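*Asks:* Starting from these lines, generate the structure:
(2 chains)
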Amino acid sequence: GAVVSQHPSRVICKSGTSVKIECRSLDFQATTMFWYRQFPKKSLMLMATSNEGSKATYEQGVEKDKFLINHASLTLSTLTVTSAHPEDSSFYICSARGGGNQPQHFGDGTRLSIL
Amino acid sequence: GENVEQHPSTLSVQEGDSAVIKCTYSDSASNYFPWYKQELGKRPQLIIDIRSNVGEKKDQRIAVTLNKTAKHFSLHITETQPEDSAVYFCAASKGTGGSYIPTFGRGTSLIVHP
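*Replies:* Below you'll find the model as predicted:
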């Protein structure tokens, strides 16, 4: 089946640090990747959608300068949380889709803790 | 935009009982409805999906039904087992080309008591 790898799984860092999270589709080409944020016992909150080679589309209320997304190839998308603060602490999950109205396949998520 | 409502938020059943989770959607153009299972601290995993040209789909103990007229779809789990305990999310999406942006329900925490 389709495999999506997300790294790192856990990050603990000081306030003001920028953190990069990688999302890779290992056995398929992901024309679209999604980035979600999930709070404890809450649903998946879509942050942005990225298509390979084009700028990401951010959801309302998500700061594009704060959460930089790059989808440089059909197998890799990155999310960089710039100058992270404690309120950015959360569980971030990426997902990838081969194309059209196909199922998404999720990464394992990244637990980000900002001290 | 699309709005997906999911009920109940918590469902507690005894092992061997059936569990039903229901979702409604607002956009009649939605045509793809996946269900995901997320165990604590793990990734959501697709367990079953249905498209709008089908009314029901079954995979062993799991089934999904879709009523396009009423704009609701449901997940049915029969003969529940403790390992079915998890949070289940429904989703709805529509679009053409690469524009399928899924909208997720708020999730249902299923607890199966041994």
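
*Asks:* Under a three-state scheme, what state does the most centrally placed residue in chain A occupy?
*Replies:* For chain A, residue A:35 is the residue whose C-alpha lies nearest the centre (Cα atoms, centre = their mean; 3.6 Å). Per DSSP: H, G, I helix; E, B strand; the rest coil, the secondary structure class of residue A:35 is strand.

*Asks:* Leaving out chain neighbours, which residue sits closest to it?
*Replies:* Nearest residue to residue A:35 in three dimensions, chain neighbours excluded: residue A:47, at 4.6 Å (Cβ to Cβ, 6 or more residues apart in numbering or on different chains). Using the backbone N, CA and C atoms, a C-beta is placed for each residue, glycine as well.

*Asks:* and residue A:97, what does it touch?
*Replies:* A:30-34, A:103-105, B:100 (Cβ atoms under 8 Å, 6 or more residues apart in numbering or on different chains).

*Asks:* what pLDDT does it get?
*Replies:* Reading off the confidence values, residue A:97 has pLDDT 88.

*Asks:* What of residue B:75?
*Replies:* For residue B:75, the predicted pLDDT is 98.

*Asks:* all strands of the chain, in order?
*Replies:* Chain wasn't specified; assuming chain A. For chain A, strands defined by DSSP state E occupy the ranges A:4-7, A:10-13, A:19-25, A:32-38, A:44-51, A:57-58, A:67-73, A:76-81, A:90-97, A:105-106, A:110-114.

*Asks:* The intended chain is chain B.
*Replies:* Taking DSSP E to define them, one finds strands in chain B at B:4-7, B:10-14, B:19-25, B:32-38, B:44-51, B:56-59, B:62-67, B:72-77, B:86-92, B:103-104, B:108-113.

*Asks:* Output these as JSON lines; include the columns mean neighbour count and distance to residue A:11.
*Replies:* Listed next are the strands of chain B as JSON lines, based on neighbours: other Cβ atoms under 10 Å in any protein chain shown; distance: least, Cβ to Cβ, whole Å:
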{"stretch": "strand B:4-7", "mean neighbour count": "18", "distance to residue A:11": "30"}
{"stretch": "strand B:10-14", "mean neighbour count": "13", "distance to residue A:11": "31"}
{"stretch": "strand B:19-25", "mean neighbour count": "21", "distance to residue A:11": "33"}
{"stretch": "strand B:32-38", "mean neighbour count": "23", "distance to residue A:11": "20"}
{"stretch": "strand B:44-51", "mean neighbour count": "18", "distance to residue A:11": "20"}
{"stretch": "strand B:56-59", "mean neighbour count": "12", "distance to residue A:11": "36"}
{"stretch": "strand B:62-67", "mean neighbour count": "18", "distance to residue A:11": "35"}
{"stretch": "strand B:72-77", "mean neighbour count": "21", "distance to residue A:11": "34"}
{"stretch": "strand B:86-92", "mean neighbour count": "24", "distance to residue A:11": "23"}
{"stretch": "strand B:103-104", "mean neighbour count": "21", "distance to residue A:11": "24"}
{"stretch": "strand B:108-113", "mean neighbour count": "17", "distance to residue A:11": "27"}
